[in-house]
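A.B. asks: Sequence first, predicted model second:
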Amino acid sequence: MPPVDLRSDTVTRPTPAMLAAMTTAPLGDDVFGDDPTVNALQDRIAAILGKEAALFVPSGTQGNLCALMSHCGRGDEYLVGQMAHTYRWEAGGGAVLGSIQPQPIAHAGDGTLPLEDIAAAIKPDDPHFARTRLLCLENTLGGRVMPPGYLRDATDLAHERGLGTHLDGARLFNAAVAAGGDPYAAAREIAAGFDTVSVCFSKGLGAPVGSALAGSEELIARAQRVRKMAGGGMRQAGILAAAALHALKHHVHRLADDHANARRLAAGLAGIPGVRVRPPETNMVFLDLDGERPGLVERLAADGVLCTGVYELRLVTHLDVAGTDVDRAVEALRRIL
Ligand SMILES: Cc1ncc(COP(=O)(O)O)c(C=O)c1O
């Protein structure tokens with residue numbers, strides 16, 4: 001039996017229907033702007049998120065980099081969470097390539113950045129300081145959904161103080177589905193306070209490659225130059241955009257199945273001595289372990305469950321994990337933990 005791969009929602013393979021959409025997509029040269037499938041995807045995601053324009057990029061990392069460098073110039077600063085992907089997991093791209101200084105802010109227990117800490121971190125206009133230009137938030141953050149009222153207050157505060165706003169929405173559709181109701185409308189509502197929003201098609205949505213950055217015509221025109229500089233100008237990219245279009249149409253509502261599987265996993269793992277299960281809000285289950293357990297991930301892998309972590313284990317449900325896989329994983333995890 002193949003292992004149950006819970007390392008990330010990025011490990012999915014394209015479905016036969018997605019592959020069919022890819023192989024029949026009309027193509028052009030996207031650097032010349034004439035790939036009809038890329039253009040259709042950009043129009044579609046911009047419309048869903050309620051923005052003027054969007055840009056197809058190879059990865060979430062590049063989407064975020066394009067956003068940072070479109071909002072900020074050399075010597076500017078952006079406010080960001082200590083645990084945010086743009087700050088911690090993207091090789092410092094904003095600093096390396098954009099000369100943009102990050103100002104990290106500690107998260108509150110629910111993952112938000114307290115409004116008073118955001119306000120206090122905005123530097124006065126003084127030659128001693130970098131110019132604070134941007135607030136960057138993330139939703140979902142480690143599988144947690146940021147409260148809609150908080151997003152509104154934080155983006156209002158940033159705008160009142162003259163800052164731009166960017167949302168790393170790699171898993172925006174997980175947050176939208178968790179909100180209940182029409183997920184496309186929920187996605188638009190989550191995006192509303194942000195000047196730019198990045199979303200990934202290659203995570204819960206199950207496409208093999210690709211992300212998008214959405215925002216105003218002006219910001220997206222700037223982002224297009226950054227994408228080219230970063231080597232993200234792709235040619236017959238419609239073959240990938242077709243997968244993303246298919247995912248947007250067919251794989252959004254089904255994220256609810258991944259969330260249900262995460263709850264099933266969490267319920268199955270409750271009550272193991274020395275293991276605290278954090279109740280999942282979307283598709284990620286975290287297990288806090290009482291102390292380091294060297295070799296645990298390797299032992300689990302040998303028993304057919306792939307996951308990541310040392311002091312905590314991260315288990316992510318996705319398109320290629322069925323309820324029966326969850327039960328197999330629970331059995332192995334209970335035995336080994
Ligand atoms: C929240 C978040 N943002 C951005 C990214 C970057 O996406 P990519 O791996 O496509 O560069 C990830 C990747 O896991 C992520 O989890």
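C.D. replies: Good, I have the coordinates. No experiment lies behind these values; they were computed from the predicted model shown. Residues are numbered from 1 along each chain as shown.

A.B. asks: ranges for the strands of this structure?
C.D. replies: Using DSSP state E, the strands found in the chain span residues 4-5, 53-57, 76-81, 101-105, 131-138, 164-169, 196-200, 211-215, 275-278, 284-289, 305-306, 308-309, 312-316.

A.B. asks: Val31: what's it in contact with?
C.D. replies: Residues in contact with Val31 (C-beta atoms under 8 Å, 6 or more residues apart in numbering) are 228, 233-235. From N, CA and C alone the C-beta is placed, and that goes for glycine too.

A.B. asks: what do you get if the cut-off is 10 Å, keeping everything else the same?
C.D. replies: 224, 227-228, 233-235, 237 (C-beta atoms under 10 Å, 6 or more residues apart in numbering).

A.B. asks: Between the strands of the chain, which one is closest to Ala25.
C.D. replies: strand 53-57 (12.7 Å; C-beta to C-beta).

A.B. asks: Quickly, which of the strands of the chain bottoms out on average pLDDT?
C.D. replies: Confidence, taken as mean pLDDT, is least for strand 308-309 of the strands of the chain (a mean of 92).

A.B. asks: and for that one, what are the contacting residues?
C.D. replies: 6-8, 286-289, 293, 296-297, 300, 314-316.

A.B. asks: Out of the residues you listed, which comes closest to the ligand?
C.D. replies: Proximity of those to the ligand (C-beta to the nearest ligand atom) peaks at Ser8, which lies at 6.7 Å.

A.B. asks: Ala262 contacts Ala329, correct?
C.D. replies: No. Assessed by C-beta atoms under 10 Å, Ala262 is found out of contact with Ala329, at 11.3 Å.

A.B. asks: shared neighbours of those two, anything?
C.D. replies: 6, 285, 315, 317, 321.

A.B. asks: could you redo those residues as CSV and give each row distance to the ligand?
C.D. replies: What follows is the shared contacts of Ala262 and Ala329, written out as CSV (distance: C-beta to the nearest ligand atom, whole Å):
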residue, distance to the ligand
Leu6, 14
Val285, 15
Leu315, 15
Thr317, 15
Val321, 17
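
A.B. asks: what's near enough to touch the nearest residue to Val209 once chain neighbours are set aside?
C.D. replies: Leaving out its chain neighbours, the residue that sits closest to Val209 by C-beta to C-beta, 6 or more residues apart in numbering is Leu240, at 5.0 Å. Contact analysis of Leu240 by C-beta under 10 Å, 6+ apart lists 22, 25, 30, 35, 37-38, 41, 56, 58, 201-202, 207-210, 234.

A.B. asks: same thing but 8 Å
C.D. replies: Counted by C-beta under 8 Å, 6+ apart, Leu240 has contacts 22, 56, 207-210, 234.

A.B. asks: Any chance of these in TSV with neighbour count and distance to Asp110 as columns?
C.D. replies: Putting the contacts of Leu240 into TSV (neighbours: other C-beta atoms under 10 Å; distance: C-beta to C-beta, whole Å) gives the following:
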residue	neighbour count	distance to Asp110
Met22	21	39
Phe56	26	33
Ala207	24	30
Pro208	18	33
Val209	18	32
Gly210	25	30
Met234	21	38
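
A.B. asks: which one of these is nearest Glu281?
C.D. replies: Nearest member of those to Glu281, counting by C-beta to C-beta, is Ala207, at 23.0 Å.

A.B. asks: Flag every residue of the stretch 201-337 of the chain that's near the ligand.
C.D. replies: Within the stretch 201-337 of the chain, the positions near the ligand by C-beta under 6 Å from any ligand atom are 202, 211.
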